[in-house]
Structure formats: structure tokens, C-alpha cells
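Visitor: Take a look and give me a structure for this.
(2 chains)
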Amino acid sequence: MINNTPRVRFAPSPTGYLHVGGLRTALYNYLFAKNKGGKFILRIEDTDQNRFVEGAAEQLVETLNWIGLNYDEGPNKEGEYGPYFQSKRLDIYKKYSNQLMDEGKAYKCFCTAERLKELREEQQKQKLPQAKYDKHCLNLSPEEIDANIKAGKSYVVRLNVKPGDKVKFSDVVRKDVEFDRETIDDQILIKSDGFPTYHLANVVDDHLMKITHVIRGEEWLSSTPKHVLLYEYLGWELPVFAHLPLLLNENKSKLSKRQGDVAVEDYKDKGYLQEALINFVALLGWSAGDNVEFYKSEDLINKFSLERVQKSGAVFNVEKLNWLNGEHIRSKPNQDILEMLKNELADSKFANKDFSDDFLIKVIEAMKERISFVSDFLTRSNYFFEEPQSYDEKVVAKRWKPDSYEHMKKLAEEFETLKNPTKDDFEAALRKAAEDIGVGAGKMIHPVRLAVSGIGVGPGVFDLLYILGKEKVISRINTAINKIKID
RNA sequence: GGCCCCAUGGUGUAAUUGGUUAACACAUCACCCUUUCAAGGUGAAGAGUACGGGUUCGAUCCCCGUUGGGGUCACCA
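Guide: Below you'll find the predicted structure:
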């Protein structure tokens, strides 16, 4: 009987990075396990020697850690069902493929790549509905097989799909699915290099690792009947299947590298918070049905259920991710944002400058409502960290008038009289200066913003002046008077 | 092409498993707020639920067909 605490697994092949589709699969597995008090297992599917990438598994683990999907069993966290690298389980697969062969449920195939290719072409020419292996080697006599082996011919092991009823299984997301046996190919189980294919390895491992729910992408749906057959042949109980809808490009095809960033690491590098990524990806194909869009991980765990997973593919729309990223930043305590900002600064051209925490906190308070990324602090309010490098032409054209030089001069003089000015002091001084000259405060507000920041947008001017401080404000005003030219 | 899956505004989703003026969020636009911008608030535009048949007093929801999209057909996963 299946144990009632679920065991699920994320079983990626180590390609060198974590695909966001993989992240979604991993996340749903994780959420499901945590919601049910079950175990989340990481298993590395490294059975393709041709695609071996040095350090890929380590990279994967690192990314999973960063994103916060901690596994209960897996590499460097051995449970009782290891090893968790398929490349270290070769004997196990061999054992079961031998068993299948002994029972006539699998057989050795010596066909060369050339023969297979010809076969496929022939079938195409005859317009056969489907290209399938012709079971040629199933009819080899024991003597022929021996002779082939003695001759050193390499072989693969194939699944022997026998005629019979339709292969049926039920899927949590898609309900009942069935396939005609005639449409199922004699899948290769063991490759000629002795490594298993995914099909054999995942069935054997899922069974041995006591996986109760197989939650994976929809791209596996059409090979599931092969797996079902394998479970049947091996006399094993079927896990519960849940095939998740695919993540799509803008043009609705399966999310791919060619059409934008696809690696979680790319998003990390671009400054997306792990919380935002998790939140966003969770909503691609699932919703609690309560109109909530902003989620912390704990809420996701509490609310998640496979039953509410959507059937159709979901387009990965970065704009919403950007919004969520801003929301998640804003939801953090200023102290946390401070740490992130410091890291960002340490990594920037301002690395050699020194800013006090007190100052940075003020910047954060002033700017956090206006940003989507931590890096926006540096790009959208660079003036907190350096002198304005230039003055936005459009703002100059709109806000800097011939008499602005005079106004700013007067304003600088007024500021000069202040001692340790507060925000309110700056405001009072500006209004007084405006009144003295007999102009509206707006005639001062906009030019002074331009003078101290170089641009026309940002925090309230008086906050801006206060954060910058009297000295910088006055010197920047003077600089602006000299530098800004209008006709 | 065979097999399989899917189908609600531009995008992500909702709609007591047949009864709503088809809801929410992102994006867009407008207004309010702020003498800026953003955030926030209010509102607008945007789908009559791919299409056609049924079943039903009544279909987004159930059935059939069509169309469209996607996945898969490797000694890759």
C-alpha cells in the first residue's frame, strides 16, 4: 500500500542551468509535499553521457538553494533511498532489464543506426501512420543472439510492447487518458553504452524511492503509457500522475531559450528576488481561486493543491513578474532592503564611495515606492550617489526659464542662511525665496529639482533636498547655474 | 502526418461542479493625490467565454463535430 505521507521528486537532467519551466515543476512538487507534510526529493537524471556538463549538478543544487526549494533527500543529503544520481545506479537498472528480458517483456536489439534510419525512411515512404520499430530483433534465436554478442556487436534493450487492451491511466490534472497499444513503440530501455534511458530509469527509481506522486511537465504525457506498461510488467503499483501545463513563449510555443531568458540564473542576475520569482511562477498554471496575487512562500504552501492546477499552457509574461518584484521589495523591512542596496552598490561604479546606513535608509524610504528592482536605486536615483552627470534636455526645455538663473541664485542664498536644515526648513526657505521675488513656488521647485538631480522625476523635492543636505544642494545649484545653457 | 493534450479580454486567472450586468490581477488610458514621477485610490476601455450543433426551462460549465494552438513520435531528458 502506498504510504500516506506523499513522496515527490524533482528529476532534472543536469544541463548547466535551471530552466524556469523546471523551476515551476520543482515548485509544484515542493508545494505539494510541504502542504501534505510529505518529502521532496531531488534526483539527478544524468543518464546521457553525451550531454554531460561539468559542474551542472552543483549549479542546479545551488540555484535550488537560492530559490529556497530545499529538498529532503538528494545529493549531499542522502536519505535511505540513494544514491540520487542515476549514473550511480546502473546495476539497479541492469537488474530490472534482465528481469524483463527473462520474462520476455524486453529484448536485445542489435539493429544498427543505419538500419533504423532506413526503416524509418521506408515507413515514411509507405506513408505508414507512424514510424515504429519493427520488432526485427525480437525474432532472433538464442543462437543468433549469442553469436552477435560473441562477435562484439553492440546492442540495446527494448521494451516488448505486446498487443492488448488500451493503456489507460488517470491524471490529476487531465483525468482519464488512454492510448492504443498499437501506437506505442518498443522503446529503448538500455542504451548500447549500458546506461538506461529516461523511461526505464524513472520508473525504476520512482518505485524504489517510493515516489507516490509523479508531478512533471506535459511534455511527458505522451510517453507515460510506456511507463505505465513498465509498471505493469514489473508488477508495481502505479504512482499518481499529474502532468503540468507547459510554460509558453509569447507565440505560445514551449518556452525556449531562443525567445528570451529561460534560466533561473538569468533572472537572478537581473535582480529578481527569489520571492517574486516563486510567487510569479506559482501563478502560472495555478490559482487558489481567491483573487490573491501576492504570495509569500508560506501562504503558497498552505493554499496549494494539485486539483486547482490549470490544464492549458501559460504564457510567461515578464511585465507581471516585474510588478511582483517591486511589490516584494516594498514588502520588506528597510533593513533588508539596505543590505540588498549595499550589495548592489558594492557591485557598481560607486563601490569605492562610502555611504552611511543612515543616508541609505533615507534613500530607500524616498525611493522604494518608485522602483521594481534594487538596481533601480542606482539607475533611477543615481544623483544620491554622484553629481548629476547631465541635465535632462526635455526637463530643461520645460522647466528652466531665462529667469531661473536668477531664481536659483536667490534660492542658494536663502539656503545658505540655514543651519542643519530639516525637510521643513528647506520648504520654508524655498517658499520664502519665491515670495521675496514674487514668483510662485513652482518656479523654484522644478528648477531646483533639475539642478540637484539632473532629471524631472523622483521623490518629493523637499525630501530630495533634505536627503542631499545643504552643502551638496547649494553646490549643485551653483553648478547647474553654470552648466545649464538655454537659448 | 499518427497519437495525445488544450481552448474565458493583450497576458495570468475566477465564476457555489448548469441560473452572475462573466469577476480579479498585470499591462493600457483617464481622473484624484503629489506643483514631479512613482506608489496608492477611483474609473474607463477590453472577452458575451474559438466556431457549429445538440441536451436542458436555462449553458463558460455536460455531449458531439469543426477549427485553431501545443506536446510528442531519438541509443535526449
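Visitor: so when I look at residue A:281, I'm seeing a strand, right?
Guide: No - read with DSSP: H, G, I helix; E, B strand; the rest coil, residue A:281 is helix and lies in no strand.
Visitor: hang on, it packs against residue A:24?
Guide: Yes - applying Cβ atoms under 8 Å, one finds residue A:281 in contact with residue A:24, separated by 4.8 Å. For the C-beta atoms, the positions are set from N, CA and C on the backbone; glycine is no exception.
Visitor: all helices for the stretch 351-487 of chain A, in order.
Guide: A:357-367, A:376-380, A:393-399, A:404-416, A:423-437, A:442-453, A:461-468, A:470-483 (DSSP state H, counting those that start in this stretch).
Visitor: Spell out which residues of the stretch 301-450 of chain A are next to RNA strand B.
Guide: Contacts of the stretch 301-450 of chain A with RNA strand B, taken as Cβ under 7 Å from any atom of the strand, map to A:308, A:310-315, A:317, A:319-320, A:322-323, A:326-327, A:330, A:369-371, A:434, A:440-443, A:445-446, A:449.
Visitor: check contacts around the closest residue in space to residue A:323 that isn't next to it in sequence.
Guide: Distance criterion Cβ to Cβ, 6 or more residues apart in numbering; nearest residue to residue A:323, sequence neighbours excluded, is residue A:372 at 7.1 Å. Counting by Cβ atoms under 8 Å, 6 or more residues apart in numbering, residue A:372 makes contact with A:322, A:323, A:325, A:326, A:329.
Visitor: if I look at the second one, how far off is residue A:329?
Guide: This means residue A:323. Shown here: residue A:323 relative to residue A:329, a distance of 11 Å by Cβ to Cβ, to the nearest Å.
Visitor: The two - which one has more neighbours?
Guide: Applying other Cβ atoms under 10 Å to residue A:323 and residue A:329 shows that residue A:329 carries more neighbours, namely 23 against 15.
Visitor: Double-check the more buried one against residue A:368; I have them as touching.
Guide: Yes - with contact defined as Cβ under 8 Å, residue A:329 counts as touching residue A:368 (6.5 Å).
Visitor: So which residues of chain A form strands?
Guide: Remark: strands assigned in chain A by DSSP state E are A:7-10, A:39-42, A:106-109, A:156-159, A:167-171, A:175-179, A:188-190, A:213-217, A:240-244, A:247-248, A:314-315.
Visitor: So which of those strands is the most surrounded?
Guide: Comparing the strands of chain A by mean neighbour count (mean count of other Cβ atoms under 10 Å), strand A:7-10 ranks first with a mean of 27.
Visitor: For that one, name the packing helices and strands.
Guide: Applying 3 or more Cβ pairs under 8 Å, 6 or more residues apart in numbering; DSSP states H and E, we find strand A:7-10 packed against helix A:20-36, strand A:39-42, strand A:213-217.
Visitor: residue at max distance from the center of chain A?
Guide: Distance from the centre of chain A peaks at residue A:436, with 58.1 Å (Cα atoms, centre = their mean).
Visitor: still on that earlier bit, name the residues contacting each of residue A:329 and residue A:368.
Guide: With contacts defined as Cβ under 8 Å, 6+ apart, the residues shared by residue A:329 and residue A:368 are residue A:337.
Visitor: hmm, which helix or strand of chain A has the shakiest average pLDDT?
Guide: helix A:113-125 (a mean of 88; mean pLDDT, DSSP states H and E).
Visitor: so where's chain A uncertain?
Guide: Scanning chain A for pLDDT under 70 picks out A:1-3.
Visitor: Show me it divided up by domain.
Guide: For chain A, automatic domain parsing gives the domain ranges A:7-78+A:247-315, A:89-244, A:334-384, A:393-483.
Visitor: Quick one: name the residues of the stretch 1-150 of chain A near RNA strand B.
Guide: Checking the stretch 1-150 of chain A against RNA strand B by Cβ under 7 Å from any atom of the strand, the hits are A:11-13, A:45, A:47-48, A:50-51, A:111-113, A:116, A:120, A:129-132.
Visitor: same thing but at 10 Å, please
Guide: A:11-15, A:22, A:24, A:43-51, A:86, A:109-117, A:119-120, A:123-124, A:127-133 (Cβ under 10 Å from any atom of the strand).
Visitor: Mind giving me the PyMOL select for the residues you listed, buried ones only?
Guide: PyMOL command restricting those to the buried ones, with burial defined by 16 or more other Cβ atoms under 10 Å:
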select buried, chain A and resi 11+12+13+14+15+22+24+43+44+45+46+47+48+86+109+110+111+119+123+132+133
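Visitor: What sits closest to residue A:189 if chain neighbours are left out?
Guide: Spatial nearest neighbour of residue A:189, excluding adjacent residues (Cβ to Cβ, 6+ apart): residue A:200 at 4.1 Å.
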